[in-house]
Every structure is written in C-alpha cells, then in structure tokens.
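1. quick one, what's the 3D model for this:
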Amino acid sequence: MANKEYLNVNELATLFGLNVQTLHYYDKIGILKPSYRDPKNGYRKYRFDQTYKLASIRYMRKLGYSIEAVRDFQDTKSPDEALKRLKERSAAIHAQWEEMMRIDHAILRKIQFIEDSKEGIDYENIQVVKYPERKYIPIGDEEELYAGESFYFYPTIVFYGEKSKEFGALLTDAIPEENAEIRTIPAGTYVVGYHKGAYEQIQDSFKRIKEWGQNLNLEDTILALNIIDQFVEQDNDNYSTRIEIRIADTK
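-> This is a model prediction of the structure:
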C-alpha cells in the first residue's frame with residue numbers, strides 16, 4: 001500500500017481502524033479533506049501522504065482533544081507551539097487523573113463503610129456499644145448540605161439536638177481534603193439501634209431507643225449515621241440508619 005499514490009476512503013479507513021463515516025465526517029468539518037473527488041461518482045481519493053495528517057488527528061483524539069481543539073492544533077505553525085499545547089494537555093490530563101483517583105477513593109470508601117456496617121444492622125434489638133474517638137468534617141444545616149463535596153465523598157452523620165439538626169461527614173480513613181475543619185465525636189459507651197425507612201419517620205426510632213435506655217443517663221444529642229442511603233438505594237423505605245446515643249460519663 002505504501003507504493004500507492006492514492007487511497008480510496010475504504011482503504012484509508014481500514015488502515016487506521018476507522019469506519020468510513022468518520023472520514024466522511026472529517027471531510028464535512030474540514031479537518032481532513034480528500035485531495036481528489038471523482039466528479040462522476042463523488043468517490044473520495046486521498047494522497048498517501050495524507051496518512052500523516054490523519055495519524056496526527058488520531059493521536060490528538062486519543063489524547064482526549066475535542067474536534068475543535070484538533071482544528072486549532074492544525075493551525076499551529078511551529079514545533080514550539082505544538083509542544084506548548086501538548087504540555088498544557090498533559091497538565092489537564094494529570095488534573096483529570098487526580099480528580100478521578102479522588103472519586104475512586106470516595107467510591108471505595110463508601111463500599112468499605114457499607115460492608116463494614118451492614119453486618120451489624122439489627123432492626124429488632126438495641127444494644128450498648130463502646131466506640132473510640134471518631135472524627136468528622138462539619139457541614140452545617142440542610143441548606144448547606146448539598147453544595148459542598150464532603151456530603152458526597154464521606155459517610156453522612158447527622159447530629160440531632162432538641163431543636164437542631166446538623167450534618168457532618170464521618171472520616172473513616174486518614175486524610176480529608178486540605179484545610180478541612182475537623183471535629184471529634186467523643187469516645188464512650190453508646191446505646192445503639194437501627195432505623196429502617198425514610199428519614200421523615202426517624203423520630204419514631206429515636207423514641208424507641210430512648211425509652212429502652214431511659215435509665216442509662218443518656219445525653220441529649222442523638223447521632224444518626226446513614227448506612228444505606230440515596231446513593232445506593234432508590235427506595236427510601238429501604239434506607240438504613242444507625243442511631244447512637246452516648247451514655248453520659250459518671251462523675
């Protein structure tokens with residue numbers, strides 16, 4: 001094939017592992033026009049040296065450049081300008097890779113938290129559990145919940161007071177995002193039960209658990225940890241929440 005002066009559209013498409021429609025599209029938008037078109041039948045002919053241009057297009061598409069960016073790149077007049085653009089693309093790809101790794105870490109964190117937590121789910125029984133000190137990122141009230149990243153990247157914990165409701169992101173591994181405020185959930189002994197269903201009915205579970213522990217000097221704040229939530233379950237009747245109420249330290 002290297003000895004041929006011209007390639008038809010099928011030969012060129014086969015050479016690059018493309019379909020013919022892609023070459024027709026490149027012709028239409030002007031980034032790779034055939035050097036000759038038969039006036040009788042409209043068949044496209046490409047000079048063999050146009051394979052270099054198509055190789056450049058394929059290279060840039062594999063690097064993630066848009067068609068418009070490919071068109072701009074073709075207007076580059078010098079190797080220095082081309083290198084500058086490649087360096088910029090490398091930096092962009094690296095940033096995308098870091099973001100994808102961060103998202104992957106969040107997915108793995110979610111999987112691990114659910115797998116570690118779901119074995120203990122017991123909707124019938126209430127128990128007393130000792131927990132070590134835990135850390136979390138404060139988010140704020142419900143109006144502040146959805147705008148930041150912590151809600152999406154960490155398990156959600158909700159602190160219910162008598163007239164308040166504050167959200168946080170539980171840290172289940174070592175390193176949160178930079179400059180995040182970190183607060184502590186104190187170590188101690190907690191009365192623990194589970195709620196199944198929508199959050200709108202969680203007060204019923206609070207009442208049941210508080211009645212069970214009414215003689216245990218329970219603190220006022222109730223902690224609710226979302227285990228099965230909207231990120232993994234579409235039906236809120238199947239949500240699962242762990243409820244914890246700390247037993248106050250005796251003096």
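2. only C-alpha atoms for contact and neighbour calcs from this point on.
-> OK.
3. from Lys210, how far out is the closest residue to Ala198 other than its chain neighbours?
-> Sequence neighbours aside, Asn236 is the residue nearest to Ala198 in space, at 5.0 Å (criterion: C-alpha to C-alpha, 6 or more residues apart in numbering). Relative to Lys210, Asn236 is positioned 24 Å away (C-alpha to C-alpha, to the nearest Å).
4. which of those two has more neighbours?
-> Lys210 (20 against 15; other C-alpha atoms under 10 Å).
5. isn't Lys110 right up against Pro155?
-> Yes: judged on C-alpha atoms under 8 Å, Lys110 makes contact with Pro155 at a distance of 6.8 Å.
6. and the two? Which one has more around it.
-> Pro155 (23 against 20).
7. gap between the longest helix anywhere in the chain and the chain center?
-> Taking DSSP state H as the criterion, the chain has its longest helix at helix 79-118. On the basis of C-alpha atoms, centre = their mean, to the nearest Å, helix 79-118 is displaced by 10 Å from the centre of the chain it belongs to.
8. which neighbouring elements make contact with it?
-> helix 150-153, strand 218-228 (3 or more C-alpha pairs under 8 Å, 6 or more residues apart in numbering; DSSP states H and E).
9. could you dump those into TSV with distance to Lys196 and mean pLDDT added?
-> Conversion of the helices and strands packed on helix 79-118 to TSV gives the following (distance: least, C-alpha to C-alpha, whole Å; pLDDT from 0 to 100):
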stretch	distance to Lys196	mean pLDDT
helix 150-153	21	86
strand 218-228	9	96
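10. need the ones you listed in TSV (columns: distance to Gln201).
-> Shown next, in TSV, are the helices and strands packed on helix 79-118 (distance: least, C-alpha to C-alpha, whole Å):
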stretch	distance to Gln201
helix 150-153	21
strand 218-228	13
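11. same list (those) but as TSV, adding mean neighbour count and distance to Ile93.
-> Formatted as TSV, the helices and strands packed on helix 79-118 follow (neighbours: other C-alpha atoms under 10 Å; distance: least, C-alpha to C-alpha, whole Å):
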stretch	mean neighbour count	distance to Ile93
helix 150-153	20	22
strand 218-228	20	34
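12. quick one, which of the ones you listed gets closest to Tyr25.
-> With C-alpha to C-alpha, the closest approach to Tyr25 among the helices and strands packed on helix 79-118 belongs to helix 150-153: 39.7 Å.
13. could you report the neighbour count for Tyr239?
-> 19.
14. okay, it: pLDDT?
-> According to the prediction, Tyr239 has pLDDT 95.
15. can I assume it is in contact with Val232?
-> No: using C-alpha under 8 Å, Tyr239 makes no contact with Val232, being 9.1 Å away.
16. quick revisit: starting from the longest helix of the chain, tell me the next helix or strand along the chain.
-> strand 127-131 (DSSP states H and E).
17. quick one: strands adjacent to that following strand?
-> Strand 127-131 pairs in its sheet with strand 188-196 (antiparallel), by DSSP bridges.
18. list the contacts of the helix or strand where Ile202 lies.
-> Assigned by DSSP H and E, Ile202 belongs to helix 202-212. Applying C-alpha atoms under 8 Å, 6 or more residues apart in numbering, the external contacts of helix 202-212 come out as Ile126, Val191, Val192, Gly193, Tyr194, His195, Leu218, Ile222, Ile243.
19. keeping just the C-alphas, turn that helix into PDB.
-> Extracted in PDB, the C-alpha atoms of helix 202-212 (Å, rounded to 0.1, in the frame of the first residue of the first chain):
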ATOM      1  CA  ILE A 202     -36.700   8.500  62.200                       C
ATOM      2  CA  GLN A 203     -38.100  10.200  65.300                       C
ATOM      3  CA  ASP A 204     -40.100   7.100  66.000                       C
ATOM      4  CA  SER A 205     -36.900   5.100  66.200                       C
ATOM      5  CA  PHE A 206     -35.400   7.800  68.400                       C
ATOM      6  CA  LYS A 207     -38.300   7.500  70.800                       C
ATOM      7  CA  ARG A 208     -38.000   3.700  70.900                       C
ATOM      8  CA  ILE A 209     -34.200   3.700  71.600                       C
ATOM      9  CA  LYS A 210     -34.500   6.500  74.200                       C
ATOM     10  CA  GLU A 211     -37.300   4.500  76.000                       C
ATOM     11  CA  TRP A 212     -35.000   1.400  76.000                       C
END
